Each structure stands twice: as C-alpha cells, then as structure tokens.
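A.B. asks: Here is a sequence with its predicted model. Questions after.
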Amino acid sequence: MNVLLTGYPLRPYTLGTLQRRLRCLTNLYEFSSEILPLNEHNSFRHKGGYDLSKPIARSSSTAGPWTLTTERIAIAGVLAAITIILGVIPGLGFIPLPNAIGNATTEHIPTILGGVIAGPIVGIISGLIFGIVSFFRATNVFFKDPTVAILPRLFIGLTAWATFAALRRTNRDLAAAAAGFVGSATNTILVVSALIIRGYFPAQVIIPLVLVQSIFEAVIAAILIVILARVFYIIEARVVRAPDTKPRNELPY
C-alpha cells in the first residue's frame with residue numbers, strides 16, 4: 001500500500017519533479033551559507049542545530065573602509081569619550097611644557113587608534129573631537145584659531161588608516177607602529193605648518209622648538225598603538241572570554 005505510517009499517501013515523483021526539488025535545495029543552501037557563516041566563531045550551533053530565526057550581521061571588518069557600521073559608530077563614541085576625558089583631566093591629554101607651543105600631547109592617541117581599528121571615517125570623527133577639545137581649552141591665541149586647532153587634526157586618523165592599510169599584510173604590529181608614528185607626525189607637521197602659514201611663528205623659530213618634542217611624541221604613539229591595537233584584536237577575536245558554566249542551550253543569553 002502506498003501509505004506512510006502517518007497515514008498520508010506517498011506522492012509519486014517524476015524525474016523532472018526530483019530535479020526541480022534538488023535545484024530548490026541547492027539554492028536554499030547557497031542562500032543560507034551567505035547569511036550564516038559556518039565557522040567556530042560566528043556559528044550558532046546548539047544541540048537542536050542552527051538557529052535561523054535571526055540573520056547574522058556581517059562584521060565591520062568585511063565592510064568597506066568608508067562604510068559607517070554600527071560597530072564603528074560605537075567605537076567612535078568610545079574614542080570620543082576617551083578624547084574628552086584626556087582633554088579635561090589636567091596633565092593627561094595635554095602635558096605642560098616650557099616652550100612656545102606650551103604643551104606636549106597624548107590627545108592624538110585615540111584618533112590614531114580610531115583610524116587603525118575602525119577606518120578613516122572613525123579616524124576623522126575622533127580627530128574632529130580632538131580639535132574641538134583643543135580649541136575650547138586653548139590658553140593662547142593661535143590655538144583659538146580653528147585652522148590651527150581643528151583643521152589639521154582631521155587628517156591624523158586618515159593618514160594613520162592609510163599607513164596601517166598599506167602595511168598590515170606584511171606585519172600587523174609593524175603596521176600599527178608605523179601608523180602611530182605617521183599619525184603623530186601628521187599632527188605635528190600640519191599644526192606647525194598652520195602656525196607658519198597663519199603668521200604666528202616664523203619657520204626658523206618654531207621648527208627647532210618642536211623637533212625633539214615631536215619625535216618623542218611619535219615614538220610614544222607608535223608603542224601605544226601597537227599595544228592598544230593588539231588588545232582590540234584579541235577582544236574582537238574572542239580569545240579572551242569567560243568559560244561557560246552551563247550547556248549553551250541552558251544559558252539565558
């Protein structure tokens with residue numbers, strides 16, 4: 001009898017019907033493999049199989065460098081907060097020095113880091129925050145000029161990103177160090193150039209004054225960016241995580 005145990009009659013299939021069903025299954029598999037990466041970090045495998053109720057969002061690392069993803073917006077917000085904190089706490093973001101410029105800075109570190117880990121848009125946003133903080137806390141006339149305090153800072157994250165993107169396939173730590181150095185040098189060169197162009201200082205006076213300071217800042221930036229970028233990538237890869245104390249299907253999240 002052409003009946004299953006469930007009581008439903010078996011439907012006879014022709015060769016053409018089977019071929020159409022096979023093509024449907026093949027298309028379904030290709031579609032699911034695009035939205036559901038089958039790797040150990042991003043899979044949702046439980047005892048009952050894969051949970052297809054929610055599509056998995058693609059990582060910002062696979063998005064284009066000029067795409068503003070949710071992750072990059074969050075990173076920009078965190079770095080902006082850090083930049084403001086560095087600028088508000090005395091002696092932390094701007095370190096007083098007895099020279100014409102008046103301060104050394106670590107305020108550019110979040111801007112460089114933003115360009116390295118999240119791309120040029122986040123770098124530009126962080127640089128804008130850096131410039132605004134510098135503008136409003138300035139105690140001398142030349143840093144009250146937006147073309148000196150704000151405009152040059154927009155290019156720090158951009159050059160850091162370009163340097164890191166060019167060298168990351170060679171060695172990621174080397175790329176991060178180079179990005180830190182180039183980003184810091186960009187800050188110094190563009191600010192000093194703006195001071196000269198705007199007529200605040202002659203070149204023969206300002207360049208010798210900031211030369212040693214700028215090299216020191218660039219070396220410190222290179223070291224810190226290597227450390228901070230490595231920490232970020234470790235966290236992003238979920239290498240550091242607390243062990244589960246219950247089976248995955250019993251966890252509340």
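C.D. replies: Looks like it came in fine.

A.B. asks: is it true that T163 lies in a strand?
C.D. replies: No: the assignment for T163 is helix, going by DSSP: H, G, I helix; E, B strand; the rest coil, so no strand is present there.

A.B. asks: Pull out the buried positions in the host helix or strand of A194.
C.D. replies: With the criterion set as DSSP states H and E, the secondary-structure element containing A194 is helix 172-197. Residues of helix 172-197 classed as buried: 172, 175-188, 190-192, 194-196 (neighbour count, 16 or more other C-beta atoms under 10 Å). Just so you know, the C-beta spots here come from the backbone N, C-alpha and C atoms, and that holds for glycine as well.

A.B. asks: try stretch 197-209
C.D. replies: 200-201, 206.

A.B. asks: And the average pLDDT for the top helix by length along the chain is what?
C.D. replies: Longest among the helix segments of the chain by residue count, using DSSP state H, is helix 203-236. Helix 203-236 shows a mean pLDDT of 93.

A.B. asks: Just the pLDDT for P110.
C.D. replies: Confidence at P110, expressed as pLDDT, is 97.

A.B. asks: Likewise for T163?
C.D. replies: T163 carries a pLDDT value of 98.

A.B. asks: follow-up on the earlier one: any idea of the mean pLDDT for the helix holding A194?
C.D. replies: Helix 172-197 shows an average pLDDT of 97 in the prediction.

A.B. asks: what's that helix packed up against?
C.D. replies: Where contact means 3 or more C-beta pairs under 8 Å, 6 or more residues apart in numbering; DSSP states H and E, helix 172-197 is packed against helix 109-118, helix 146-149, helix 156-167, helix 203-236.
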